[in-house]
Structures are given as C-alpha cells and as structure tokens.
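Participant: only geometry, no sequence info:
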C-alpha cells in the first residue's frame, strides 16, 4: 500500500469517527446539562470536530510519512490473539493454571526451542511471580 | 524555621541504624519493583504502606520515601533496556536511552539515567529543605487560570516533539484527550462515555492505558519481528572498552546545563499540585532539544536526551513534598499515599508541621538525602544485574515481561477488567504507530486531559462569561502567549523541514 | 522496637487469638478488601486505612485497604452492588453523594438502597464553609453582600450537594456565585488560601489552618454546630433551610450470608471501638466515632433519601 493511500484512508476513517462521535456517541453517552460553562458534552464535541478536520486535512494533503505495510500484521495479531485467549482463559481458570501454557506458547511462536529456556519461562517465571505476589505480598493473582 | 538543635536532632535521627536499614531496604525494594515491567513507584508505595504501620513514624515514612525514590530509578531500567516504559514519564527516557542500549551500550545508557535521576532528585530535595516556604507561597499564587496557561504551554511544547506530520500530532492529542473524557465529568459529575461499565466511573485505569500502549504494544511489535534465529534481548559486546560501559566525568559535566534545566522544570511543575512528572519529563526533553547545537542527535542515543528526561521526572518527587508538607496538598498519587501514611501515624501536614514536628520533618529531610546516596550505590549494583538479566534470549524476556504486565495491571486496577483495557489499548497503539500517529503524544494528552478540563472549567467559572477578565491574570496571559508563540514557531519550522525533506 | 511496643504487639496478638475464637464461625476466604470510595490522602481514606489496620490486628484476617475513587463513591458502590455477595468486599463511603445521585439520577447508577447489606457507620463529617481570615465578612449574609457588591463570588466545592445547597442560597438571596469544581477538600483549601476562591467547603483538611488563624468559619453546613466551633451558626440558623449531613458508612453486597454479615458487623464494631481508631478519627475529623449499627445505618440512608429529595425539590 502506498504511504499516501494509507494516509488518505486514515483521513477518511477519522472523518467518519468524528461524525460518529458528534452525532451519535456523545449524545448517547454524555448527559446534557442546562447550566454551567463546561458542560459534559462541550469538550468531547470540540474534540470530535478537531478529529474530523484533521481527517479532512489528511485526505487533502497526505504527508505520506508512514508505511503500515512494513509492519508484520499477521504475526503481531497472532501474538495478540494468544494474549486475548490467555485473558479469557484466566477469567475462567485463573492465572496459576493459564500462565505456564501461555508463556510456553509465546516462546514457541517466537522460535525458542531450547528446553532449558522454555522450562525457565514456562515454569520458573510463573512460579516466581506466584511466590512474590500470592505468598510474599498476600495479594490475589488474576 | 525551627532552632538549629532541632534540625540537627532530626538529621541525627535519620542516621539511626534502624532508619538507615529501612531506607536501604526501601530503596532496594523500590528499585527492584520499579524495574519489573508493569509495576511502577506508585504501585510499590501502595503495597509498602501497610508494612509501615508497626514502625516508628520516621522509620515508616523514611522507608516509603526510599521505596519511592528507588522506584524512580528503577522505572528507567525497562524503558532503556527494552523500550517498555511502565509509566509515561519514563517514556521520555526511552526516546534516547533505548537507541543507546541498542547500540550495545546498555550500561552507559542506564548509568546516565541513574546519575541524572539522582542529580535532579538531589536538586529538588535541596530546594525543598531550604526554600519550601516561599515555594509554597508561589504554588498558592498559581490559581486555575495560571495552571491552564501552563497546561497549554506544556501541550504546545510537547506537540512539537513527536512525529513528522503536524496534523497527525494533533490527531494524537485529540484522541488522547477523548480517552481522558471517559469517566465522570468535572462540573456535573455525570458519567461520560462509559458504555455501562461502572469500573470506568473514575476514568480509564491509568496503569492499563500506560502499560498497554507503551509496553505491551512494543512487546507485540518486537515479538512479531522475531525470526528463526533466537537473539538475546540486548547484546553486550565482549571486552567492551571502558568508554562504552560507563559515563565519564566529562560526559556527565557536559550535561550539567541540561540537567539543571530539567531539575528546574521538574521542581517548578512538582511544586504545583496535579500536573505531574510526565509533563516535566517531556518539557525538559523538548527544551533540551531546542537548546542543543545538534538537535538531530536526539532520538538516536543522545546522553543529553536521557539527562533531560531523568533529571526532570525525578526532581518532581522532592518538589511534590513542598505543597504536601506545608499545605497538606498532595501533588501526585505517590504524595497522596505518603500523606495517608502520615495521617495514620497521627501526623497532620500543614502550617504547624514544621513548628510542632520539626525534628520529624528534618529527620525526613535527612532520610531523603541519605536515600539519594543509597540510591546511587544500590543503582550501580542493580544496573549490572538487570543488564545481565536482559541479555537472556528475546522469547524468554518478552514472555516473562508480558506475564508481569498482566499481573502488575491486575494488581493496580483491581483485576481482569484492567487487563482487558490494557490489551485494547495495546492494539490501538500498534495500529496508531503503523499509521504514524505518535503513541507518546496520545499518552501525554491522556494523562494531562483531566487536569486540563478541570482547569478550563474553573477558569470559565472565574471569567463568568466576561473574557476581558483575563486581563486580571497577567502571568497566565504571559504563559498563554508563550504557548501560542511556541505552537506557531514549531508549526512553521516543521513546514520548512517537510519541504526540504 | 521499644519494650512498650513489643508488649503492645503481644497484646495485639493475644487479642487476635481471642477475637479468632469469638468469631470462629466465619472468616473470609483469602483476603477481605475494604474499598474506600475516595482517593488516597483524604479523610475517608484515613478512616478506611486505620479501620483496615485495626481489623487486621483484631481478627487476623488479611484486610486490604483499596482506593476506588469516582463520583463520590458511586463508582465503588456500583461495583459492590454488581459483585457476588460472598462477604469478601466491604465498601466505605459517604451517604450524601450517594443520596444526591439516587435522587437526581434514579435508575441510572446500577444500584439503589436495596442493593446493599448495611454494616454500620464510622462517624459524622462536620462540613463547613470557610473563607480566608482577611475576608471582609464573617457570615453567610456578609458573603452574599460581598457577592452582590462584586458582581459575583467564586466558591470552591468538591461534591455536588455543596453546589446544590449554595444554588438554593443563590436563588433565595439573589446574589451570584461562581462555582469552581475541584478534586477535593485539599484543592478547595488551596484555592481559598491562594485567594482564587472567596470561600470553600472543608470537612477536615482545614483544621490546622483554622487553628493557625489563616482561615475562618462562615457556616456549618450540617444541621448542628461543629464541636470545635460552637459559636459559628449553621446554614439553617442563618436563614437558609438547607443542610447536608455527611456520614461515613460501611456496606456489602445485598444477600451476603447471615454468618458473614454478622462476623463483618462485629469485626467493624470492634475496630471502631478501639482507642487507635477513635484517636485517628478524632485527629483528622474532630468528630467522635458514631456507629449506628446495621439497622441504624439503613434507616439513616432511607430517611436521608426522603430528606435529600425534599431539599433538592424532587
């Protein structure tokens, strides 16, 4: 993707975001007030307008300084997916059960194959965290 | 000012073996905990408070001060070594610290951070000890309108700092401020943009947003770049020449003006409650770059960049104690936690503190100075330890850091909801950096947003619909004019830069 | 550690044992979290932390104090109402912001007075209106005169009830006030001392400054005079029939098992009855401990809802 094209798309997105906030989200999620100088909706509305105007500026004069194509999106989303799944599993099984497989999976995906390091990361580190937080500090782990 | 005998007795108390021991323990704990990704000085102080209940007041408070000061030094370590700052003020240190570490000079980078942090801290402690009374009066004179002017100036300076496109800088500010609008609004106390999540009444959890955007998104990016061969997270060349391992006196002394400027900025902003160390660190960084003869060296591992940021963010803490001790007004969350420790020990900060508890106050001052010396000593040892740790393989370091961020954020914001927010903002930051929108500017706007809105609200109430009343606030007008001039100058310079590029 | 302290520690350990026997039926699984509906450093925070500390010593439970600020306690109570009623979380808040929100935004908060089991109260806050000592007035009438002479008078407030009360004064007297919204009593004090606000509301942070003569009291905002300033009349006594009566109270989620509720109520009552809590609360609020018990707390809130509704014209 050309840098200028991506900036134009970003501009379009920001215009839509600004309009969406101004017309729908702010009236829905911020209360109207009948007195006062800085009402709950005042500053959010100003920001929505600013976002929309910036979007317009990007559409007209894209600076072309970013190249999103150079990011490894698929791999980054893979790792993000592991984290999200880990969070979901933690809400169900708790940190102690989820942390070792999560750490193992992350290291495996990052091409670590040496058993010693895998063991250290998947067993040693979670155990150290558990000992510090749950035993020494007496705080609940997630 | 109490009598000399009281002052000396106070300093003497600080030297009691039990106090020295607990300062040492506090500093070591703070440095260690502060260096762990996902946990910062505020968390460390909050966890440490219950342990002080059984202690004498001075011992307990000296311990907390030690934890706090240790945490400030420790916080720079992950920022420099991994580019994963846990707090936004350390993000300014990462701008130059990480490039220097990546060049194979992690020890030099962390040492510069340590030295400038302690220099700034000592400066503001001396200001606190010698002239806290006049500084407190100055802080009182700075009303809502002046604070608003200062906030606008901070925004103007910081906006000129990041990225290449001015429009995208404004986008980052607007998005960050919009995120800051989540929670109850300052004038009417009604919930805003919370989408039915009662956890968001007090706004998005600060730790989740900061750690998600600064640390997790960087870890995701680095993980996505891993290839077949496993590398250490940081390479430490063998038989490195001494010049690359340490900071020479000439290099330190060469940064004296940068550090002095940083310390002055940090001390002034720290004495004003509610503005905080993030603005101080970035204002100092930006002005150091402005003043530099080689501005292009910034962002590529400049020692001046590290010195500017660390001297400023560390000097905020000592200055925070000025309104805290003299007026009982906490300047930051850490200061508020220390006040609550004072109150539990039956000590009320305020006008009588110096006359009624003079010995205790000077004991505390003594403890602060001792803590700085211990910080320097423990820091030297700790840095070597952390540099060694971080030379472990990337996958191990990144996975461990992710686990620690999960736990740290859950502790700070009370559970899984905070982790969820952290992941959402990590993804947002990843997308933003791909499209060239500065994550750091977003974070600064997010942290300053609530104070900006409340100062704006107070200012509008004071003006009462009559703009000409602004003329009653000449100093605020000067600040606002300065903000305007800065913004215009930066926009112009950027225009010419982008045309020549 | 001195001998006296060592003895005190032993006494506390012994007390722990006795209390442990007395309440053997129930103990929290894991930690007991005492949530505080305000940020660190204020009067609610101080009460919460000292109660948590003493409770931990007396019961042996791992009691953790945690700040949950936002909306004057609304955020914290909404959280408590929506969590399982297992007795592992107790909230400490102030009645006024809760009642005012319930009156003004019924059905929008995620809870109502039926969402909780009430455990007791800690104390009554003495809220007052204060001005700098050199202000050219000494009472509300003088403040109104000053506001009329100067076009308007800026007041610093940190909670909605304070603003609404003064809006009533404004409507009745015809004077105009400018309302500066702040983040707490300490900031109100800063604005008053710095001269940016002509008067501000305080409920504890101001006491050293009152003693040192830097500020003076204009009115008690409670319906009684303050015990440390018996000569300053209340707002109703000064001709405006409106007052606020902030009380610090403890509550847990509705449906907490009987044994847990009893144990928590007893543990709180025992902590509030200790010398240490009494001293710290007296120091920071100048108010004595006042525990109304579970029924008394619920009645105080239900009566309060009616009163607040009437006061704010709903």
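Facilitator: Done, it's in. Note that the structure is a prediction, hence the values are computed from the model and not measured.

Participant: Going by C-alpha atoms from here, please, whenever you check contacts or count neighbours.
Facilitator: Will do.

Participant: So what touches the helix or strand containing residue A:102?
Facilitator: Following DSSP states H and E, one finds residue A:102 within helix A:95-109. Residues outside helix A:95-109 that contact it (CA atoms under 8 Å, 6 or more residues apart in numbering or on different chains): A:79, A:82-83, A:86, A:89-90, A:118, A:121-123, A:126, A:130, A:141-142, B:395-396, B:399-400, B:403.

Participant: from those, which ones fall inside helices?
Facilitator: A:79, A:82-83, A:86, A:89-90, A:118, A:126, A:130, B:395-396, B:399-400, B:403 (DSSP state H).

Participant: top of these by neighbour count?
Facilitator: Within the ones in helices among the contacts of helix A:95-109, most neighbours by other CA atoms under 10 Å in any protein chain shown means residue B:395, with 29 neighbours.

Participant: Can you give me every residue that contacts the residue nearest to the spatial centre of chain A?
Facilitator: Centroid-nearest residue in chain A: residue A:80, 8.9 Å away (criterion: CA atoms, centre = their mean). Residue A:80 makes contact with B:220, B:423, B:427 under the criterion CA under 8 Å, 6+ apart.

Participant: need the contact list for the first one.
Facilitator: In this case it means residue B:220. Residue B:220 touches A:76, A:79, A:80, counting by CA under 8 Å, 6+ apart.

Participant: Quick check: buried residues in the helix holding residue A:102?
Facilitator: Applying a neighbour-count criterion of 16 or more other CA atoms under 10 Å in any protein chain shown, one finds A:95, A:98, A:99, A:100, A:102, A:103, A:104, A:105, A:106, A:107, A:109 buried in helix A:95-109.

Participant: so which of those residues comes closest to chain C?
Facilitator: residue A:95 (15.7 Å; CA to the nearest CA).

Participant: Columns pLDDT and secondary structure on top of the contacts of residue A:80, output as a markdown table?
Facilitator: Below are these laid out as a markdown table (pLDDT from 0 to 100; DSSP: H, G, I helix; E, B strand; the rest coil):
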| residue | pLDDT | secondary structure |
| --- | --- | --- |
| B:220 | 96 | helix |
| B:423 | 97 | helix |
| B:427 | 97 | helix |
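
Participant: Show me which of those is closest to chain C.
Facilitator: Distances from chain C to the contacts of residue A:80, taken by CA to the nearest CA, are shortest for residue B:423, at 21.6 Å.

Participant: Could you verify my assumption that that closest one touches residue B:211?
Facilitator: No. The pair residue B:423 / residue B:211 is not scored as a contact, 9.3 Å apart, by CA atoms under 8 Å.

Participant: more crowded one of those two?
Facilitator: Shown here are residue B:423 and residue B:211; by other CA under 10 Å, residue B:211 has more neighbours (30 against 23).

Participant: How is chain C partitioned into domains?
Facilitator: C:3-125+C:246-311, C:128-238 (automatic domain parsing).

Participant: Do a quick rundown of the strands in the chain.
Facilitator: Using chain A. Using DSSP state E, no strands are assigned anywhere in chain A.

Participant: Switch to chain B, please.
Facilitator: According to DSSP E, the strands that chain B contains are B:183-184, B:191-192.

Participant: Out of those strands, the one nearest residue B:111 is which?
Facilitator: Nearest to residue B:111, of all the strands of chain B, is strand B:183-184, at 39.9 Å by CA to CA.

Participant: can you tell if stretch B:393-401 touches chain A?
Facilitator: Yes. Residues of stretch B:393-401 contacting chain A under CA under 8 Å from any CA of the partner chain: B:395, B:396, B:399, B:400.

Participant: Among the residues you listed, which one lies nearest to chain C?
Facilitator: Of those, the one sitting nearest to chain C (CA to the nearest CA) turns out to be residue B:400, at 26.2 Å.

Participant: quick one: contacts for that closest one?
Facilitator: Counted by CA under 8 Å, 6+ apart, residue B:400 has contacts A:103, A:121, A:125.

Participant: any idea how far residue A:102 is from it?
Facilitator: 10 Å (CA to CA, to the nearest Å).

Participant: repeat for residue B:255
Facilitator: 44 Å.

Participant: and the closest residue to residue C:120 other than its chain neighbours, how many neighbours does it have?
Facilitator: Residue nearest to residue C:120 in three dimensions, not counting chain neighbours: residue C:293, with 4.3 Å by CA to CA, 6 or more residues apart in numbering or on different chains. Per other CA under 10 Å, the neighbour tally for residue C:293 reads 20.

Participant: what's the neighbour count on residue C:276?
Facilitator: Residues near residue C:276, counting by other CA under 10 Å: 17.

Participant: where's it, which helix or strand?
Facilitator: Using DSSP H and E, residue C:276 falls in helix C:275-285.

Participant: circling back: which of the domains of chain C comes out lowest on mean pLDDT?
Facilitator: Ranked by mean pLDDT, those bottom out at domain C:3-125+C:246-311, which scores a mean of 85.

Participant: Show me how far it is from its chain's centre.
Facilitator: 11 Å (CA atoms, centre = their mean, to the nearest Å).

Participant: Kindly report the same for stretch B:284-301.
Facilitator: Worked out by CA atoms, centre = their mean, stretch B:284-301 lies 19 Å from the chain centre.

Participant: And stretch A:86-94, by the same measure?
Facilitator: Worked out by CA atoms, centre = their mean, stretch A:86-94 lies 18 Å from the chain centre.

Participant: near chain C at all, it?
Facilitator: No. Using CA under 8 Å from any CA, stretch A:86-94 never reaches chain C; the gap is at least 14.4 Å.

Participant: From residue B:109, how far out is the residue most central in space within chain B?
Facilitator: The residue lying closest to the centre of chain B (CA atoms, centre = their mean) is residue B:89, at 3.4 Å. Residue B:89 sits 17 Å away from residue B:109 when distances are taken as CA to CA.

Participant: Please apply the same query to residue B:381.
Facilitator: Counting by CA to CA - residue B:381 and residue B:109 are separated by 15 Å.

Participant: Residue C:220 now?
Facilitator: For residue C:220, the distance to residue B:109 - CA to CA - is 58 Å.

Participant: Same question for residue B:137.
Facilitator: 38 Å.
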